[in-house]
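K.L.:
Quick check, what structure comes out for this input:
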Amino acid sequence: MQNAKRTRCEVWTRVMGYFRPVSFFNIGKKSEHRGRKHFEECVCANKDFSEKYSD
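P.N.:
The predicted structure follows:
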């Protein structure tokens with residue numbers, strides 16, 4: 001196996017109306033960020049919602 005060069009992946013999140021890298025957070029904010037529930041938006045759910053509530 002070759003020695004692969006790795007690049008650090010910077011994670012950003014929206015805080016108080018603007019985006020910041022998580023690496024800049026203090027200990028308390030990092031802990032709060034780890035406890036968040038993450039979700040993936042489903043395209044089919046958007047379509048159903050649009051059809052139901054469109055004018």
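K.L.:
and the longest helix along the chain, what's its mean pLDDT?
P.N.:
Scanning the chain for the longest helix, with DSSP state H as the assignment, gives helix 43-53. The predicted model assigns helix 43-53 a mean pLDDT of 74.
K.L.:
same thing with stretch 16-28?
P.N.:
Mean pLDDT, stretch 16-28: 88.
K.L.:
Tell me the span between the first and last residue of that stretch.
P.N.:
15 Å (CA to CA, to the nearest Å).
K.L.:
centre of the chain versus that stretch, how much separation?
P.N.:
Put simply, stretch 16-28 sits 12 Å off its chain's centre (CA atoms, centre = their mean, to the nearest Å).
K.L.:
Now tell me what touches it from outside.
P.N.:
With CB atoms under 8 Å, 6 or more residues apart in numbering as the test, stretch 16-28 has contacts from 10-13, 30, 33. Using the backbone N, CA and C atoms, a C-beta is placed for each residue, glycine as well.
K.L.:
likewise stretch 3-11?
P.N.:
21-23.
K.L.:
can you do 6 Å?
P.N.:
21-22 (CB atoms under 6 Å, 6 or more residues apart in numbering).
K.L.:
next one: that stretch to chain centre, how far?
P.N.:
19 Å.
K.L.:
just stretch 15-32 next, same as before
P.N.:
Centroid separation for stretch 15-32 versus its chain: 12 Å, with CA atoms, centre = their mean.
K.L.:
ok, now which ones touch the most centrally placed residue in the chain?
P.N.:
Closest to where the C-alpha atoms of the chain average out (CA atoms, centre = their mean) is Thr13, at 5.9 Å. For Thr13, the contacting residues are Val22, by CB under 6 Å, 6+ apart.
K.L.:
what about 7 Å?
P.N.:
By CB atoms under 7 Å, 6 or more residues apart in numbering, Thr13 lies in contact with 19-20, 22, 33.
K.L.:
Specify the local secondary structure of it.
P.N.:
The three-state assignment at Thr13 reads strand, by DSSP: H, G, I helix; E, B strand; the rest coil.
K.L.:
how much space between it and Gly28?
P.N.:
Look at Thr13 and Gly28: by CB to CB, to the nearest Å, they are 15 Å apart.
K.L.:
Alright, that wraps it up for me.
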